[in-house]
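Enquirer: have a look; sequence and predicted model below, questions after that.
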Amino acid sequence: MPRLSDTMEEGNIVGWLKKIGDKVSPGDILAEVETDKATMELESFHEGYLLYISVKEGPVAVNDILAVIGGKDEDYKAILAGETKVAEPTNTSKETTTAITNTTETKVTIEEKASIATESEPRIKTSPLAKSIASKTGIDLNTVTGTGDGGRIVKRDVENVVAAKSSPPSGPNKANASPQYGDVPLSQMRKTIAKRLVESKFSAPHFYLTMKINMDKTADARKLINEQPETRISFNDFIIKACAVALRQHPAVNSSWLGDKIRINKDINIGVAVAVEEGLLVPVLFAADQMGLRDINAYVANLADKARSKKLQPQEMQGNTFTVSNLGMFGIDEFTGIINPPDAAILAVGAIAEELSMIDGKVTSSKIMKVTLSCDHRVIDGATGAKFLQTLKQYLENPVAMLV
């Protein structure tokens, strides 16, 4: 099992696209693997025949044997004979057996696996995800036209059929699925989220700074910008832009704790928390301070779509130097976020609400937003975090200044 992300410790086999006895070539997709961050395709780097599959479905630890590729009818069982190391295959064979791990070494040590999975019955060429969706929605795969490689049915093909057949629910029975109670197995993503958050919460000494920000001028600017054709800038786009510009002025907040040193990051790469069905993903906007509002809007929308469809690549979720988490659209007034390593801070953004205030002896209504900065006290002191929030407040209360 190769390490498909920086935090991956095991992968969950969703399903195999090749069966035992199939000829495989470099570049062929062997299986779909659920990692801690996404569902990814496992590619073959070897030429030969698929001789052995260790786990048909389920978890496999990184570096454990997934499968064996070798010459047709080659005796591979010696490699799988118990817990002793096996001598390297002789050079006299034209085709050598390769155990698929994250390297191409042929000297391996493994525990004896379950019996060899076999598939003799003919099957429709379909991805495991598409097959799972079809099973849950009652779609006959024989009626679906595949648009994947070689006519393979992929997720979007089944979803298109489901969308075509669905009609708006009506009446009291629109929720036709009752809540499911009982134990729910942990996905790889949820396991990693739990581990990383515990490590962050109990290793980084958090402290919190909350500030109110008047969003009247940002709301006016957003309204004017969105009057342009095909332009839809969100409040979150303004917030990300303001954070990026403020971080350039306060590099101590754009820093990372590395154990024996603090790294003040030159690049400003902002992670944007995206809620998905199984937890939370944080795709990254690289060089966010150099982006305009339209760029930020387009990149965030694209990354959010990829996050929800589990198409984010590991490199799109690495390299963050600061994180923004916005729950305002859910009506949350304020909250505190847990720092996303290796960042030293995360900004939690609440809803924008009308509040009455006294200005020049007159009662007036303003759009007020609360933000809370969670700081790693090993890196950021209270005054440093407060000055960053003051700058952020200045930009959001006078958004034209950050667009110059």
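Expert: Everything's here; your move.
Enquirer: hey, where'd the helices end up in the stretch 101-250 of the chain?
Expert: 128-137, 155-165, 188-203, 216-225, 235-249 (DSSP state H, counting those that start in this stretch).
Enquirer: just the residues contacting the following helix or strand past the last one, thanks.
Expert: So the one you mean is helix 235-249. Using DSSP states H and E, the next helix or strand after helix 235-249 towards the C-terminus is strand 255-257. Here strand 255-257 makes contact (CB atoms under 8 Å, 6 or more residues apart in numbering) with 204, 262-265, 321, 342-344, 376, 378-380. Every C-beta, even on glycine, is put in place using the N, C-alpha and C of the backbone.
Enquirer: please compute how far strand 255-257 lies from its chain's middle.
Expert: 22 Å (CA atoms, centre = their mean, to the nearest Å).
Enquirer: for the following helix or strand past that strand, packing partners?
Expert: Sequence-wise, the next helix or strand downstream of strand 255-257 (DSSP H and E) is strand 262-264. Counting contacts by 3 or more CB pairs under 8 Å, 6 or more residues apart in numbering; DSSP states H and E, strand 262-264 packs against strand 255-257.
Enquirer: same question for the strand it packs on, mean pLDDT?
Expert: In this model, strand 255-257 has an average pLDDT of 93.
Enquirer: again, but for stretch 294-301
Expert: 93.
Enquirer: send me that stretch as CSV with only the CA atoms.
Expert: As requested, the backbone C-alpha atoms of stretch 294-301 are provided in CSV (Å, rounded to 0.1, in the frame of the first residue of the first chain):
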residue,chain,number,x,y,z
ARG,A,294,-12.7,37.0,-8.6
ASP,A,295,-9.7,34.7,-8.5
ILE,A,296,-10.4,33.8,-4.9
ASN,A,297,-14.1,33.2,-5.6
ALA,A,298,-13.3,30.9,-8.6
TYR,A,299,-10.6,28.9,-6.8
VAL,A,300,-12.6,28.4,-3.6
ALA,A,301,-15.6,27.2,-5.6
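Enquirer: before we move on, back to that, so for Ser365, which of the helices of the stretch 101-250 of the chain sits nearest?
Expert: Proximity to Ser365 (CB to CB) singles out helix 216-225 among the helices of the stretch 101-250 of the chain, at 9.3 Å.
Enquirer: follow-up on the earlier one: rank the helices of the stretch 101-250 of the chain by pLDDT, which is bottom?
Expert: helix 155-165 (a mean of 71).
Enquirer: for that helix, list every residue counted as buried.
Expert: Neighbour-count burial for helix 155-165, counted by 16 or more other CB atoms under 10 Å, picks out 155, 157-159, 161.
Enquirer: will you turn the residues you listed into JSON lines that also has distance to Ser44?
Expert: JSON lines is the format used below for those (distance: CB to CB, whole Å):
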{"residue": "Lys155", "distance to Ser44": "21"}
{"residue": "Asp157", "distance to Ser44": "23"}
{"residue": "Val158", "distance to Ser44": "25"}
{"residue": "Glu159", "distance to Ser44": "27"}
{"residue": "Val161", "distance to Ser44": "30"}
